[in-house]
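# starting from these lines, generate the structure:
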Amino acid sequence: QVQLVESGGGLVQAGGSLRLSCGFSGRSFNLYSVGWFRQAPGKERDFVAAISWSGGNPDYGDSVKGRFTISRDNAKNTVYLQMNSLKPEDTAVYYCAAKYVGYLALSKVDYWGQGTQVTVSS
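Next up is the predicted model:
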């Protein structure tokens, strides 16, 4: 059974940075595409970023391109999200997600983490 555990959320001022981490427990992390989604109060869950099993082809939501960077360390079974130039509209619960041998999308998630809160103050 796969478990995803996020960490690194918190409160930051606008313009600041945070790095989220997601630890993967289970088998064959290197066969999973992994990524991040976020959900603000009263809004739908949105795609933030994803990265393929090999670490190539990172993909980003339009609102975070140029500010966020996703990466993974297959030796540590961990995926990261470096968030720079944070804005108040980035405030949300951020969820780690994984898809076995396939492209990660909101409708194609095999496993979710429990979420970590990111709050950006103006």
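# just give the closest residue to the residue nearest to the spatial centre of the chain, not the sequence neighbours.
For the chain, the residue nearest the mean C-alpha position is Trp36 (2.4 Å; C-alpha atoms, centre = their mean). The spatially closest residue to Trp36, leaving aside those adjacent along the chain, is Val48, at 4.2 Å (C-beta to C-beta, 6 or more residues apart in numbering). (C-beta placed from N, C-alpha, C; glycine too.)
# ok so the one you found is a strand residue?
Yes: looking at Val48 with DSSP: H, G, I helix; E, B strand; the rest coil, it is inside a strand.
# am I right that it is in contact with Val34?
No: proximity of Val48 to Val34 does not meet the contact threshold set by C-beta atoms under 8 Å, at 11.7 Å.
# what about the residue nearest to the centre of the chain, which helix or strand?
strand 32-39 (DSSP states H and E).
# give me the sheet partners of that strand and which way each runs.
strand 46-51 (antiparallel), strand 92-100 (antiparallel) (DSSP bridges).
# tell me which residues of the longest one are tucked away?
Just to be clear, that refers to strand 92-100. 92-99 (16 or more other C-beta atoms under 10 Å).
# of these, closest to Tyr111?
Lowest distance from Tyr111 to these (C-beta to C-beta) belongs to Ala98, with 4.6 Å.
# run a quick neighbour tally on Asp59.
17 (other C-beta atoms under 10 Å).
# please enumerate the strands of the chain.
3-7, 10-13, 18-25, 32-39, 46-51, 59-60, 68-73, 78-83, 92-100, 111-112, 116-121 (DSSP state E).
# so what does the last one touch, helix or strand wise?
Taking 3 or more C-beta pairs under 8 Å, 6 or more residues apart in numbering; DSSP states H and E as the contact definition, the neighbouring helices and strands of strand 116-121 are strand 10-13, strand 18-25, strand 92-100.
# tell me the angle the second one makes with strand 116-121.
Regarding strand 18-25 and strand 116-121, their directions subtend 180 degrees when assessed with axes from the mean of the first three to the mean of the last three C-alpha atoms, to 10 degrees.
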